[in-house]
Each structure stands twice: as C-alpha cells, then as structure tokens.
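Engineer: just the structure for this:
(one chain, ligands or ions: 1)
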Amino acid sequence: MAEEDSGPSNIRVICRFRPINDKEKTLFADKQVCEFPNDRHTVIINPQSDSAGPLNFIFDYVFSPSSRQEDVYNISAKPTVEAVMQGFNGTVFAYGQTSSGKTFTMTGSDITDPEYMGIIPRMVSTVFNQIETSDAKIEFQVKVGYCEIYLEKIKDLLDTSKNNLKVHEDRTRGVFIADLTEEYVSSDEEVYQLMKIGSDNREVGYTNMNAGSSRSHSIFILTVTQTNSIDYSAKTGKLYLVDLAGSEKVGKTGAAGKRLEEAKNINKSLTMLGNVITALTDGKSSHVPYRDSKLTRVLQDSLGGNSKTSLIVTCSPSPFNESETISTLRFGVRAKSIKNKPKVNREYTINELKLMLAQAKEEISKKDRIIASIKKTMENSGLAVIDEKQLKSIDDEDDVSPQGESDAKNSEVYAELIIEIEDLRQKLSEETRIKDKHKLHEDLLTQEKEQILKGNEFLYKQISDLQNRQSQTLEQLREKDDIIEKLTVENDYLKQELNQEIDKKLTLESQLSEKEAELSNLSRNITKRLTEEKWILEEKLSTEIDKNKQLISEIDRLEKDIVKKLKDKTKIKLIEESHKQEKERWMNEKKTLINELNLKGKKNADLQLMIDVSEEKYRALENTMSDGEKTLKRRSDALEKNLERLSLMYHQLVTQKSMLKVDKQICDRKIARLTEKSTSNDKQINDLSEKISILERENISLLDQTVKLELKIRLIQGTIASNTRIKKVIRGGGDNTLFKAPFNRRANSAISESRQEDENYDD
Ligand SMILES: Nc1ncnc2c1ncn2[C@@H]1O[C@H](COP(=O)(O)OP(=O)(O)OP(=O)(O)O)[C@@H](O)[C@H]1O
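Structural biologist: Below you'll find the predicted structure:
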C-alpha cells in the first residue's frame, strides 16, 4: 500500500560539479579547487585565496565532474518522481551560478540522446513507464505546464500571450499558478514537443559566462492524477522542475543595459529565496517571506510545505569561480535543514466515504463481539468490575433486545455522529467567522506589513546592490591585492636596486670627493706648477728676450762678422792664393830638391857602388898590400864624412817639410772653424745663406783641393820618406835584384804608414 503521510522530511540536497570549461582552462589550466572523498557525500574545497584551510561540505550526494546524466537522475530526481506517482507533490530545482550546469542537469544537452538527456526527459519516461506497469483499475491523467519567471512576471511558455500570470492558493490545490496552460499528454514524445515549444520561448541571452545563459527561472510542472475506477479514490501528484537563473555576481557576467536589469532581478529573486530559506531554518522567524517574490511564492509548497523536494546545487571546479562555488555550497547547506511536510493529495469520494462507514460498522460489530466474549469470560470466572451495573444493564439490554433494536441503536449512534458533525460544522463556521474577523485584522496587518515589506524591498534592493557592489569591491580588492603584491615585490626589488644605487652613489660620492680633493690638490699643484712654470717661462721669456736681444746683437754681430768673414774669405782666398803660390814654390823647390836628392842619391849609389868596389878592392888589397891599406882607409873616411853631410842636408829638408806641414794644419783648422761658423751662421741667418753657401761651396771645393793637395803632399812625403829610408834597406844584401824588391816593398809600407800617421794627426 502506498505511503499516505511520510511525516516531516528534510529537503534533499545534491551537489554536482561540472568539468572545467575552455575559458577556465585558459585562465587556470586544469587546476581544481575541489576534492571528492570516496564517501559520495563530501566535497572539500581548497580555497586558493583563503589561508583558513580546506572547507568541508556534506550533502545527500555529491557528484564529481565525471558524473553521468543517468546517475544524477537516479539519485536526485527519480525518488521524487516516484513520490509524485504516489500522490505527493515533488520539486527538483537546480541552483548555481551561470554556466555551472543547471540547464545541462535539468534539461540536458540533447533531450533525445539517452546519454545526454537531463532530468526532465528522464522523468517523463519514468512517469509513463510507471503508468504502463500500474494496475488497470487506476486511471491516469497527465498534464504539463511550462512557465518562466522573468523580471518578476510569470510568463506562460506554452502560450506566450499569457505573460503575467498570478499565483493563487486554495485549500485543496494549495499554491498554484492561475490560468496556466496545462496540456494533457499521453506519451514521452508529446512532452518533448511541449518542452521544445517552451524552450524556444524562453528568455536566454549571451553573457561573458555563458553564450546561452538562462535569464529567467523556468518551471516545468507535471501533474499526475490517478483515479481508482473501483473505489473512485483519486490522488494528485504535482512535480515542479525548476531551472533557476544564474546566481553569480553581476560584475562577472559583463552585463549591461537589458542584461544588467535582468541580472539585478535575478539577484533580487535569489536573495528572496535565500531569505525564505533563512526564515525556514533559523528557528527564530515566525514569518516566512514567500510573497516577497514570484519565485518564492510559486515554490511556497516546495520549501517548507507539502512537497518532497530535492535541490541540486551545481558548481564549477575551477579556481576562477571559487567564491561563487563556495557561496553556492553554503546555500545548499542552509537549504538542507529546511523541513517539509509532504502528504498525499487524496480526494475521498462518496462511495469511498460509504465504504469507510461500512468498514466502521463492521469494526463496531467486531468490537461488540469481543466485549460480549470478555463479559462471558468474566461471568464464568465470577469476577466483578467497577461499572458492573452499567455493563450489566448493557448486557441486559443485549440479552433482551432483539437484533432490530440493535440496528436502531446503531442508527441512533450514526445520527448522533451526524449531529456531532453538524455541531462541529457550526463550530467550524463560528471559527471561520472569527477567523474572517482575524483575517480582516490580518489583512490590515498584511497591508502594514506590505508597506514594511516595500520598505524592506527597498532595503533589500539596497542591500543587494550593496552586496553586488561589495562583491565587486572585493573582486577589485582581490585584484588590487594581487597588484599590490606584485607592486610590493617590484617595490622590494626596486628598493634593493635603489639601495644598491645609493651604495653605488655613496661610493661614487666618496670617490668623487676624493677625486675632488685630488683634483683640488692637482689644480693647486697645477696652479702652483703653472705659476712656477709661468714664472720660469716668464724668466725664460725674459731670458729669451734677452737672448733674442743677444741674438739680434749676435745677428748684427754675425752680420758684421759675416761681412768681416767675407772679407776674411777674401783674405783666405788671398792666403790660399799665397799658399798656393807658396805650395807651387815649395813644390818647385821640392822638385828641385828631389831632383837634387835623386842626383845625390844616384851619386850616393854610385859612391856606394864605388865604396863597395873600393871595399872589395880594399879587402883584396888588404890581403895583398898593407901600405895601400891606410890610403884606402882615409879615402873611405872622407867618403863617410860626405855621407854624413848629405844626411844632415836630408834632415834639414825633412824639418822644413814638417814645418810646412804644421803650417798647413793650422790653416786647415782655421778653415774648418770658419766653415763651422759659416754653417751655424747659415742656420741662424736665412737670408744670408745663399751667399754663404756659395762661399761654402767654394770653400768646400777649396777644401777638396786642399785635401787633394794634402794627399799629393802625403804621397810626395811618402815618397820622400821611402827615399829617406833607403839606407836601412841596403844593409842586408849585395844582390841588386834583391835590393830593389825590398826597397819597393818598404817604400809602399812607408807610404801607408805615413798616411796612417797623417790621418791620426788630422784626427
Ligand atoms: N556536467 C556537465 N558535463 C558536461 N558539460 C556540462 C556539464 N554541465 C554543464 N556543461 C556545459 O556547460 C555549459 C553551461 O551549462 P548550462 O547552460 O547548463 O549552465 P547554466 O547553469 O544553465 O547557465 P545559465 O545560468 O547561464 O543558464 C553548457 O555548454 C553545458 O553543455
């Protein structure tokens, strides 16, 4: 038998992480902030920016990014769908930031693909499968409605002309959307078609986070009514499948204009959803603000009311969405403690009531029979009870009353019951009246409250704006922190560099001051030196001026000198002339002398020959005649005296020659000195150089001639010398041929010796 009332139950919260998307990959590669222990209930978040350490979140089930659509359906939605088939209301809603996978989870990327179809198409299959396998006496009616809440208006997605539907509530139907188009369906395909129509009519748009982002909350409503054709009992289960709009911060979506307006509205309704959850779970709030937004109003039964509800929180694993992921998980944890009171939505038909009455009668008679048997047992055992009399009277009545009387009594009881019910109805109408009175009072209060709520709304708006701004500011702060961190690092680096630069600067400054000191010393020294040099130069200058003056006077003098020397030159020329003449004379004399000398030499040779002959004869005569010896000796002595006289003459000639030589050398030196002077004069006085050079050239040619003369003189002298040494040569032998050769040889060596002597002298 189906469960009629399951008692209070918590909302089931399931968490699903999607795989990292391309954008996140670009920014953070494959980095994930979440860990999934094996228990399937826990997710651990390791915040990148929080030093507080890992955060643990526990849910009814946790799906990692690798989860399959089928598993998500089986765990999160199938139990709810099955409950709906038993007459419960059920809700499955997806909450998470944009692009976290809400639509992927609820609808799927392809509603016809068994791998990728989401919860809604799978739920349709479950419903129709169950219908197929149900008892034939049960009649099913399946209706589908599809709407969205966009900018606080409920829009019918199956009939877009209805774009501002109202939310109503009554005792039998609970909270419902009035006038919503609900199509009866009998197959999966029909539901898919309606889903397609509805999806095409949805408000989606491009955001930075998701190219096909849902900009509204979509609600897919499936109502299953089942009627028992035998007992006419009926059960109605209503399933709400809700795909909420993204819960992210406005700033991150890059929204502007219409998208910004949407985002603010989405934020507002999600804030209201959060408020409802807070009021339901904090244990303090006496009022739950369902009426603050269309979303919370529609979901009133799903949150804390008559519904079996599952919440799927969808998250991104990337550090890029870390803060949104944490806030989504916190939302899920809060929602987990909401308690619902689901019950089967059952309708009792008259037949059912009659049957119930018959069953009650049957029950009463059963009880009567039990009482009778107890009474009999007591009587048999002789026991007495406190209300024995009453019991006895009943017994008596039972004993005496015919069966017809007993039926009449039952009818009376029934009539009494009816009266009692009537009383209760009256009491109820009285209570309703009082309640109406209270309602009036409550309406006044509600009006007051609404005003307060409006104020609240304004405050909420401000709060949400502030929250948005706060989150943006936090984001900016985080970015700034990063920048500050970078800048700090850079700053430190720059500081280091600066310190190094300062050190360098200090070193340079000290070097500079040293250099400056050196420089000042140097400049002082240089100045001193320059001054000294200046003085010296000044002195030199004055000396030079003096010298210049001297030079000028010298030049004057030299000019005079030159003039004088020119005169001297003429003199030299005259001297040279005379010298030449002298030389010629001397040469002539020399020639004469040489001739004489030759003659004398010849004579001498003849004499020598004669002497030799005489000596020969003498020696021959010495041997033969001693008288003649003495005569010959006398002759010999006379000859020796002649020879001595000749030698004396020769020596006189040599002396004369050396005197001439000395004269000549004096002249040479004079000429050399004059030439030197003339050369230096040439250098100093340019304008006179030409004349002087002519003179010099003449001088040089004179010198040449002189040298040549010298040479000739030396040659002559050599000849003379060689002639003067004849005596020594003869001493060795008598052979004439032998005589000539050594003579010539000696003469040559004498000439070279004489030259050597001259050269040495000149030096
Ligand atoms: N579990 C998943 N496995 C593979 N792809 C996924 C999963 N979840 C989401 N996606 C992909 O991520 C993208 C965004 O997902 P989806 O549109 O469902 O996000 P959303 O939460 O509905 O966003 P919005 O709030 O903007 O509508 C889609 O391309 C979708 O196919």
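Engineer: when you work out contacts or count neighbours from here on, use the C-alpha atoms and nothing else.
Structural biologist: Will do.
Engineer: let me see the ranges of the helices in the stretch 301-450 of the chain.
Structural biologist: With helices called from DSSP state H, counting those that start in this stretch, the stretch 301-450 of the chain shows them at 322-336, 350-380, 388-400, 403-624.
Engineer: wait, what's in contact with the residue sitting nearest the centre point of the chain?
Structural biologist: For the chain, the residue nearest the mean C-alpha position is residue 486 (10.7 Å; Cα atoms, centre = their mean). Applying Cα atoms under 8 Å, 6 or more residues apart in numbering to residue 486 gives no contacts.
Engineer: distance of it from the ligand?
Structural biologist: Between residue 486 and the ligand the computed distance is 33 Å (Cα to the nearest ligand atom, to the nearest Å).
Engineer: for residue 280, see how far away that residue is.
Structural biologist: In this structure, residue 486 and residue 280 are 45 Å apart, going by Cα to Cα, to the nearest Å.
Engineer: also residue 309?
Structural biologist: When distance is defined by Cα to Cα, residue 309 is 14 Å away from residue 280.
Engineer: over to residue 472?
Structural biologist: Using Cα to Cα, we find residue 472 at a distance of 29 Å from residue 280.
Engineer: those two: which has the busier surroundings?
Structural biologist: Relative neighbour count places residue 280 above the other of residue 472 and residue 280, with 23 against 16, counting by other Cα atoms under 10 Å.
Engineer: mind checking pLDDT for that one?
Structural biologist: Per-residue confidence for residue 280 comes out at a pLDDT of 85.
Engineer: now residue 646
Structural biologist: At residue 646 the predicted local confidence, pLDDT, stands at 77.
Engineer: which of the three states applies to residue 148?
Structural biologist: Here residue 148 is strand, with the state taken from DSSP: H, G, I helix; E, B strand; the rest coil.
Engineer: list the beta-bridge partners for it.
Structural biologist: residue 155, residue 218 (DSSP bridges).
Engineer: give me the neighbour count for it.
Structural biologist: Look at residue 148: counted by other Cα under 10 Å, it has 27 neighbours.
Engineer: quick check, it in contact with residue 154.
Structural biologist: Yes: at 5.7 Å, residue 148 counts as touching residue 154 under the criterion of Cα atoms under 8 Å.
Engineer: just list whatever residues bridge to residue 35.
Structural biologist: Residue 35 forms beta bridges with residue 44, as assigned by DSSP bridges.
Engineer: is residue 20 in a helix, a strand, or coil?
Structural biologist: Under three-state DSSP, the three-state class of residue 20 is coil.
Engineer: so who does it touch?
Structural biologist: In this structure, residue 20 makes contact with 30, 316-318, judged by Cα under 8 Å, 6+ apart.
Engineer: ranking by neighbours, what's the top pick from those?
Structural biologist: The member of those that has the most neighbours, counting by other Cα under 10 Å, is residue 316 with 29 neighbours.
Engineer: how close does it get to residue 335?
Structural biologist: Counting by Cα to Cα, the gap between residue 316 and residue 335 amounts to 19 Å.
Engineer: alongside the ligand, which residues does the stretch 51-200 of the chain contribute?
Structural biologist: 65, 97-104, 109 (Cα under 6 Å from any ligand atom).
Engineer: can you name the residues bridging to residue 314?
Structural biologist: Counting by DSSP bridges, the residues bridging with residue 314 are residue 16, residue 96.
Engineer: ok, it touching residue 13?
Structural biologist: No: between residue 314 and residue 13 no contact is recorded; they are 10.7 Å apart, counting by Cα under 8 Å.
Engineer: closest residue of the stretch 251-400 of the chain to the ligand?
Structural biologist: residue 314 (7.1 Å; Cα to the nearest ligand atom).
Engineer: tell me the contacts of residue 586?
Structural biologist: Taking Cα under 8 Å, 6+ apart as the definition of contact, residue 586 has no neighbours.
Engineer: my bad, should have said residue 286
Structural biologist: Applying Cα under 8 Å, 6+ apart, the residues near residue 286 are residue 279.
Engineer: part of a helix, is it?
Structural biologist: No: residue state for residue 286 (three-state DSSP) corresponds to coil; a helix is not indicated.
Engineer: model confidence score at it, please.
Structural biologist: Reported pLDDT at residue 286 in the predicted model: 80.
Engineer: the residue nearest to the centre of the chain and residue 66, how far apart?
Structural biologist: For residue 486, the distance to residue 66 under the criterion Cα to Cα works out to 37 Å.
Engineer: before we move on, what about residue 532?
Structural biologist: Distance from residue 532 to residue 66, counting by Cα to Cα: 98 Å.
Engineer: and what of residue 552?
Structural biologist: On the measure of Cα to Cα, residue 552 and residue 66 end up 118 Å apart.
Engineer: give me the more crowded residue out of the two.
Structural biologist: Neighbours of residue 552 and residue 66, each counted by other Cα under 10 Å, are more numerous for residue 552; the result is 14 against 10.
Engineer: that older thread, ok, and the most crowded of the residues of the stretch 51-200 of the chain next to the ligand?
Structural biologist: The residue in these with the most neighbours, by other Cα under 10 Å, is residue 100 (30 neighbours).
Engineer: just checking, that residue touches residue 315?
Structural biologist: Yes: Residue 100 lies in contact with residue 315 (Cα under 8 Å); the separation is 5.0 Å.
Engineer: any shared contact partners between the two?
Structural biologist: Counting by Cα under 8 Å, 6+ apart, the common neighbours of residue 100 and residue 315 are 17-18.
Engineer: pretty sure residue 220 is in a strand, no?
Structural biologist: Yes: per three-state DSSP, residue 220 lies within a strand segment.
Engineer: which residue is the nearest non-sequential neighbour of it?
Structural biologist: Counting by Cα to Cα, 6 or more residues apart in numbering, residue 220 lies nearest to residue 146, which is 4.6 Å off, once chain neighbours are set aside.
Engineer: residues contacting the one you found?
Structural biologist: Contact analysis of residue 146 by Cα under 8 Å, 6+ apart lists 156-158, 181-182, 195, 198, 218-221.
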